[in-house]
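Enquirer: sequence and predicted structure below; questions after.
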Amino acid sequence: MRCLSIYAATMFPSFFAGEVWVRRSAAARHPSFLPIPSQCSPPSPFNVFLPRSADGARRLFDGMPPREKRKRAPPVSGVDRIGALLDSLLHHMLSFLPAQAAVQTCVLARRWRHLWRSTTGLRIVGLAEEEKLNVKDLRKFVDHLLILSERTNLDTVEIKFAYFCEEDQPYVKTWVRFAVMNKVRAFTLSIDSPVDLYLDNLPLVSRYLRTLDLTSVALQENFLDFASCPALEDLKMNYCNIDADRISSCSLKHLSIFDCSSKSDCRVHVSAPGLISLKLVGLIGRTPFLENMPLLDTAYVDLDKDCEDVCLNYVTGVFCGAKDNACVNCVPIKDGISSNFVLLGGISSAKRLKLLSESRNFIFARDLKHNSTFSKLKTLLLNEYWCQAPDLDPLACILKNSPVLEKLTLQLFSKGPNHKVEMKGHYCSMAGPSTISKHLNIFEVKCNVVDKRILKVLKFLSSFNICFSF
C-alpha cells in the first residue's frame with residue numbers, strides 16, 4: 001500500500017499539491033487536522049492532463065454535468081423552549097392531557113421522568129373524544145397512578161367512563177375520595193351507562209370544591225346537603241337519579257338540573273338563597289319546590305312531557321282545578337304545599353326568565369293564581385302554553401305583574417332555534433294607556449306559520465296597545 005501511495009504521488013504531483021493545499025487550509029481552520037506530507041517527484045508526461053494548481057484541483061470535475069441541488073431541510077433550532085419553562089407551568093400543561101398520555105411523557109427526557117406525578121389536574125378519560133372507556137380496563141392503571149402521584153392540590157379532576165358495572169362501584173368511589181382529599185376545585189364525574197353509580201350517602205366535605213359536574217349518578221339525601229362545602233358555586237346534574245327530599249347550599253350561585261329523575265311521592269325542595277342562575281329542564285317526576293332566591297338573575301325552566309304534574313282532565317287550556325271532579329293530580333292538598341307557590345315564588349326576583357311547558361302541566365297556571373309580582377323582570381320568553389287558555393289569562397296575568405318588563409318574546413308552536421316566521425311589534429302610545437309595563441318596547445313573535453292560533457294571540461296583544469306588522 002505504501003509503494004502504491006509513492007507511485008501515485010510520483011505520477012500525479014500536481015494533484016497531490018492541490019490535496020496538500022486543501023489539507024493545509026483545513027488545518028488552518030482546524031488545528032487538530034494533520035495533513036499528510038506530499039512527496040515531490042520529477043515532472044511526468046501525464047502532468048499535462050492534470051491541473052497545475054490548487055484552483056485547478058478544485059476545478060478538476062468542472063466539465064461534468066452539474067448535479068441537481070438537493071433541497072436542504074430548514075435548520076432545526078437547538079433551543080428547548082418547552083424544557084425552559086418552570087416546573088409549575090409544565091405541571092399545568094400536563095393537567096390538560098388524559099392521564100395515560102401524561103404518564104407517557106416520562107420518556108421524553110430525564111427532567112420529565114417525574115413531572116406527571118405533580119400535575120395540577122387529573123383526567124381519567126379516553127385518549128380520543130370518541131373513545132369509550134371501560135372502568136374494568138383501567139382499574140389497575142388508575143390505582144397505581146393514585147399511589148405514585150404526589151399529594152398536591154388538584155385544580156381539576158375529570159372522570160368519564162362509558163361502561164360501568166356493579167363491581168366497579170368501590171373503585172370509582174375510591175377515586176372520588178382521592179379527588180376530595182387532594183383539595184380538588186373543579187370535579188367532573190360522568191358515567192355513560194344504564195347502571196347508576198351510587199355515591200356514598202355521606203355529606204361531601206371540602207373547603208376547596210367550587211364546581212361539581214355529575215352525569216348519570218345516583219344522589220342521596222346526605223350527599224346533596226352541601227353545608228360542608230362553603231366554596232361550592234356551580235352545581236350541574238345531568239341524567240341523575242335524585243333520591244332525596246332536599247338540595248341545599250348557602251354558597252351556590254349556579255344550578256343546572258337536566259333530565260334528572262326524582263322520587264314520585266314527594267317534591268325535592270331546592271334551598272339556595274345565593275343563586276344567580278337556574279336551569280331546570282326535562283325533569284322526570286314531580287316539579288321541585290323552589291324556595292326564595294332573592295339574588296336570582298336568570299332562570300330557564302322547561303317542564304316537558306316527563307313531568308308528572310299534569311291534569312288528567314285537561315281540555316285545550318282548561319285545567320279541572322280543585323273542583324268536585326278534580327283529578328288526583330290537581331287536588332291541592334296532596335303534597336301539603338299546593339296552597340303556596342311551587343316554582344314562580346322562588347324565581348319571582350329574576351331579571352330574565354325563559355318559561356316553557358307542555359300544555360297539560362298545571363304548575364305555572366296554578367302558581368299564577370297567587371298573583372306573584374315579578375318586580376325586577378326585564379326579559380321574558382314564553383311558549384304556546386301561556387296562550388292556550390280561552391281568554392289567554394296566563395299570558396295576561398304575567399304581563400300585568402311585570403311592571404318593568406322591557407322585552408317580550410313569544411315562541412309559539414315552534415321549537416326553534418330557527419323559525420319560519422318572525423314578527424316584531426311596537427307599542428302604540430296614541431291608542432291610550434296600557435295596563436302593562438310602560439317600559440315594554442321590544443316585542444317578538446316567532447312561529448312556523450301564521451294560523452288562527454297566532455292571529456288570536458296578536459289580537460289579544462293589540463288590547464294592550466301592541467301592534468304587529470307582517
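Expert: Yep, that arrived. Numbers count the residues shown, from 1 in each chain.

Enquirer: I'd guessed Val142 sits against Val103; true?
Expert: No: with contact defined as Cβ atoms under 8 Å, Val142 and Val103 do not form a contacting pair (10.8 Å). All C-beta atoms are positioned from the backbone trio N, CA, C, and that covers glycine.

Enquirer: so where's the stretch 51-200 of the chain shaky on pLDDT?
Expert: By pLDDT under 70, the low-scoring segments of the stretch 51-200 of the chain are 51-80, 127-132.

Enquirer: quick one, helices of it?
Expert: 54-58, 87-94, 99-104, 135-148, 169-181 (DSSP state H, counting those that start in this stretch).

Enquirer: which of those helices sits most buried?
Expert: The highest average neighbour count among the helices of the stretch 51-200 of the chain, using mean count of other Cβ atoms under 10 Å, belongs to helix 99-104 at a mean of 18.

Enquirer: name the surrounding residues that touch that helix.
Expert: 94-95, 116, 119, 122-125, 127, 141-142, 145 (Cβ atoms under 8 Å, 6 or more residues apart in numbering).

Enquirer: of these, which pair is most distant in space?
Expert: Spatially, the most separated pair among those is Ser95 and Phe141, at 17.7 Å (Cβ to Cβ).

Enquirer: still on that earlier bit, distance to Gly346 for the contacts of helix 99-104 - can I get that in a markdown table?
Expert: Output for those, formatted as a markdown table (distance: Cβ to Cβ, whole Å):
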| residue | distance to Gly346 |
| --- | --- |
| Leu94 | 43 |
| Ser95 | 37 |
| Trp116 | 46 |
| Thr119 | 41 |
| Leu122 | 36 |
| Arg123 | 36 |
| Ile124 | 37 |
| Val125 | 36 |
| Leu127 | 43 |
| Phe141 | 45 |
| Val142 | 41 |
| Leu145 | 43 |
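
Enquirer: Pro170: which of the residues you listed is nearest?
Expert: Distances from Pro170 to the contacts of helix 99-104, taken by Cβ to Cβ, are shortest for Val142, at 12.5 Å.

Enquirer: Tyr385 contacts Arg360, correct?
Expert: No: contact status for Tyr385 versus Arg360: not in contact, 9.4 Å apart, counting by Cβ under 8 Å.

Enquirer: list the buried residues for stretch 255-263?
Expert: Using 16 or more other Cβ atoms under 10 Å as the test for burial, stretch 255-263 gives 255-262.

Enquirer: need these in TSV with pLDDT, can you?
Expert: TSV is the format used below for the buried residues of stretch 255-263 (pLDDT from 0 to 100):
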residue	pLDDT
Leu255	98
Ser256	97
Ile257	97
Phe258	96
Asp259	94
Cys260	94
Ser261	92
Ser262	89
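
Enquirer: so where do the helices sit in the stretch 251-400 of the chain?
Expert: Using DSSP H, counting those that start in this stretch, the helices found in the stretch 251-400 of the chain span residues 363-368, 393-400.

Enquirer: follow-up on the earlier one: can you add distance to Val270 and give the buried residues of stretch 255-263 back as JSON lines?
Expert: Shown next, in JSON lines, are those (distance: Cβ to Cβ, whole Å):
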{"residue": "Leu255", "distance to Val270": "7"}
{"residue": "Ser256", "distance to Val270": "12"}
{"residue": "Ile257", "distance to Val270": "8"}
{"residue": "Phe258", "distance to Val270": "14"}
{"residue": "Asp259", "distance to Val270": "16"}
{"residue": "Cys260", "distance to Val270": "12"}
{"residue": "Ser261", "distance to Val270": "15"}
{"residue": "Ser262", "distance to Val270": "11"}
